[in-house]
Every structure is written in structure tokens, then in C-alpha cells.
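Peer 1: A predicted structure for the sequence below; I have some questions about it.
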Amino acid sequence: MIHRRGMLAAAVAALAGAGPWATARAAGRGAFRPRDLEGVWSTASYTELERPAGLTRLVLTPQEAQAYEAPRRALGGIIPGRGDRDIGQEENEYIERGDGLARVKGQIRSSWIVDPPDGRIPYDMAALARVGLEKNPPPEHGDNPEEMSGPERCLTSYAGAAPMVAGPDCNVFQVVQSPGHVVFLSEKYHDARIVRLGGAPRPSPLPRSWLGDSVGWWEGDALVVETLGLRPGVTNRGYHVYVSGTTRVVERFTRTAPDELAYEFTVEDPALYTRPWRAEMALHPAKGRIYEYACHEGNYSLPNIMAGARLAEREGGGER
């Protein structure tokens, strides 16, 4: 089978190696160009997008961090209390959650989200109630395939679209650059998000897709990317992350060191949230190369999920 997306990424990488935007790693240890974002990066850490229950502050002391990290390290990175309910699932297989809480701007962080101050996504509960998602966490329905999350359907990964967030595994993506484009290639489901640079106009009407339409520009040494045109309706990106066709995401990527890429994003959508929300994370080079991730579970599990939902309906139940 021809891996067309892999070929596209390789072609863009080849272009990037020919011009002044190419990586400066060969210039010597510790050397880098601020606008050189190329490399294979990881979003993995114990720090999750939303602040877990029991942690009340964004910045933790070393003692607090040690107390939080210890039980997870004892389980090989599995979140205590979650893995035992998901026997055989992602919290027990192929864990890739780094080796501790993230250090961002010299601070030990309890969540990616920095605003609102409580570290939670500010959902409009009335809006979620209109689509049956008002509970926290929302119930898992089995009425239609469209109600399953993107990762469950092998459609989009946590790091594949904007905003890029971390999951339990495959928290790896590659950045390749050319004069007019930047490509973010995620390992999981090999999504290739192509960002057009230089104020490139958006098509009209704007097509809708799982990855949306991304346009970028440079502000100093920061690459700013605005993404619109996400799939219509409310889409479950997984791990309580919902977006819709009216969601707007603005990301900032800044190379702050040879081994660090600062990532910030703001998400706004009056149809889903009571206010915009913002997150920060420090990304670091992945320990290995990117590999093909061939996901087929959704092809086989979804018919069984639908069959189970129909059985529950016949037996008088509503949710799986």
C-alpha cells in the first residue's frame, strides 16, 4: 500500500533541507535557529490538559510534585485508579506519558490549561445539554458511530489537529518546513496538518474537515497558526475535549532552546464555551523516530459497539 501522507512529509522534508530555513543542528552542539521548528517532538508528561481533582494550584512545589508522581511511577506511568478499570486498554498498554510532571517556564505545572485559573475547560453546560453531553464526564453513547470519539474510530489523534493535546500513547509528532508551508505529522493515524504561511487566503466557502484549515505567520520568532473550518457539529476529540464547526484555535510555537519547543494555544467557541481558554506546554525531542501507526480497531469494534447498543435498547437499557 502506498503511504501517500508519508511521501508528502518526506517531500516537504527534502525541500526544507535545501534552503536557509533548514535545521541548524549540524552547526554544533547547542546551536539552533529560533525559527527552526523542525524535529520529532513529544507532548508526553504526567501533566494532563485539565487539572486533576485534588490539585488546586497551577504551579506545584517540588514536594507536591514528588507526592503526585510517586504512585504513577510505581505503576509505570498508569494513572492510579484508572488503569484497573480499563484492563487491556490504552492505560495498560504502550504507556507513553513521560517520566514526570511538565516543567514549563521553570515551573512544575499541574495542568496544561492556565486560564481559567481552575484549569478546566469552561464548557457552556446548556450548550452541551442540547447534544446530550451535560454530564461530567459525559456518558458514552452507542446510538450512532458519529458519537464515538475520533481516536476510538481511528480517525484523528490527540496531536493530529488543533489544539494538539497529549494522550496515553503515541504522543509524538514531526515538524517539517518549507518556504511556504509547515507540516505537523502525527505518529498516531499519521495525520498531516499542512499550515499555509504568509497570509495565504482561505478558500470560500471554507471546507470543513477533521483537521480544519490552518493558516500561519511569523510574529518575531513565534509561529502563529489560526485554525478554522473544523468538522460541523460537536466532535468528541477524546478525553473530554469537544470542538465544533465554529471553534477557532490560535497556536503559538516558539523554539526556546535546542531541546525545547514552547507551545501555547487559545480556544474559543461561543457555541461550546462560556469564555476562551488558554493552555501552555513545553515540548521536548522524542526519544525515538516516528513510526507508522496502523489503526484497525475501530473497523472491527464499532459494529460490535453498535450491536451491543441495539441489544441494550431491546433489553430496556439506553447507554452502554
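Peer 2: It's in.
Peer 1: thought residue 164 was touching residue 185?
Peer 2: No - using Cβ atoms under 8 Å as the test, residue 164 is too far from residue 185 to be in contact (11.7 Å). Backbone N, C-alpha and C define where each C-beta goes, glycine included.
Peer 1: where do the contact lists of these two overlap?
Peer 2: Residues touching both residue 164 and residue 185 (Cβ atoms under 8 Å, 6 or more residues apart in numbering) are residue 173.
Peer 1: in the protein, which helix or strand is least confident?
Peer 2: helix 4-16 (a mean of 44; mean pLDDT, DSSP states H and E).
Peer 1: okay, whatever helix or strand comes next after that one in CSV with CA atoms only?
Peer 2: Next in sequence after helix 4-16, counting helices and strands by DSSP states H and E, comes strand 39-42. What follows is strand 39-42 as a C-alpha-only set of coordinates in CSV (Å, rounded to 0.1, in the frame of the first residue of the first chain):
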residue,chain,number,x,y,z
GLY,A,39,12.3,17.8,14.5
VAL,A,40,10.4,14.9,16.1
TRP,A,41,8.7,16.2,19.3
SER,A,42,6.8,14.7,22.2
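Peer 1: Strand 39-42 packs against which elements?
Peer 2: Strand 39-42 sits against strand 172-177, strand 277-285, with contacts defined as 3 or more Cβ pairs under 8 Å, 6 or more residues apart in numbering; DSSP states H and E.
Peer 1: Strand partners (parallel or antiparallel) of the last one?
Peer 2: Paired strands of strand 277-285, with direction, are strand 39-42 (antiparallel), strand 113-115 (antiparallel), strand 260-268 (antiparallel) (DSSP bridges).
Peer 1: Please produce a markdown table containing those strands, extended by mean pLDDT and mean neighbour count.
Peer 2: Formatted as a markdown table, the strands paired with strand 277-285 follow (pLDDT from 0 to 100; neighbours: other Cβ atoms under 10 Å):
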| stretch | mean pLDDT | mean neighbour count |
| --- | --- | --- |
| strand 39-42 | 94 | 20 |
| strand 113-115 | 98 | 19 |
| strand 260-268 | 98 | 18 |
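Peer 1: Let's have the ones you listed in CSV, adding distance to residue 310.
Peer 2: Output for the strands paired with strand 277-285, formatted as CSV (distance: least, Cβ to Cβ, whole Å):
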stretch, distance to residue 310
strand 39-42, 40
strand 113-115, 38
strand 260-268, 35
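Peer 1: Which one of those lies nearest to residue 288?
Peer 2: Nearest to residue 288, of all the strands paired with strand 277-285, is strand 39-42, at 8.0 Å by Cβ to Cβ.
Peer 1: Now do the closest one: everything it contacts.
Peer 2: Outside strand 39-42, the residues that touch it by Cβ under 8 Å, 6+ apart are 23, 96, 98, 171-175, 261, 283-290.
Peer 1: Can you pull the poorly scored residue ranges out of this structure?
Peer 2: Along the chain, the model assigns pLDDT under 70 to residues 1-30, 81-94, 135-142, 297-299, 317-320.
Peer 1: For residue 76, which non-adjacent residue is closest in space?
Peer 2: Excluding the flanking residues, the one nearest residue 76 by Cβ to Cβ, 6 or more residues apart in numbering is residue 95, at 6.0 Å.
Peer 1: Can you point out the buried residues in stretch 286-304?
Peer 2: Residues 286, 290, 295, 298, 302 are the ones in stretch 286-304 that count as buried (16 or more other Cβ atoms under 10 Å).
Peer 1: How about stretch 241-253?
Peer 2: Under 16+ other Cβ under 10 Å, the buried positions of stretch 241-253 are 241, 242, 243, 244, 245, 247, 248, 249, 250, 251, 253.
Peer 1: need the contact list for the fourth one.
Peer 2: In this structure, residue 244 makes contact with 230, 232, 233, 234, 235, 269, 271, 272, judged by Cβ under 8 Å, 6+ apart.
Peer 1: 10 Å - rerun?
Peer 2: By Cβ atoms under 10 Å, 6 or more residues apart in numbering, the contact list for residue 244 reads 127, 131, 230, 231, 232, 233, 234, 235, 269, 271, 272, 273.
Peer 1: Ok, the third one next?
Peer 2: With contacts defined as Cβ under 10 Å, 6+ apart, the neighbours of residue 243 are 150, 161-163, 210, 212, 227, 230-231, 233-237, 249, 267, 269, 272.
Peer 1: Let's see that with 8 Å instead.
Peer 2: Residues near residue 243 by Cβ under 8 Å, 6+ apart: 230, 231, 234, 235, 237, 249, 267, 269, 272.
Peer 1: surely residue 78 meets residue 46?
Peer 2: No - between residue 78 and residue 46 there is no contact under Cβ under 8 Å: 10.7 Å.
Peer 1: Go ahead and list the helix or strand containing the residue nearest to residue 134 when sequence neighbours are not counted.
Peer 2: Among residues not flanking residue 134 along the chain, residue 128 sits closest, at 4.8 Å (Cβ to Cβ, 6+ apart). Residue 128 belongs to helix 125-130 when assigned by DSSP H and E.
Peer 1: and if you look at residue 211?
Peer 2: Counting by DSSP H and E, no helix or strand carries residue 211.
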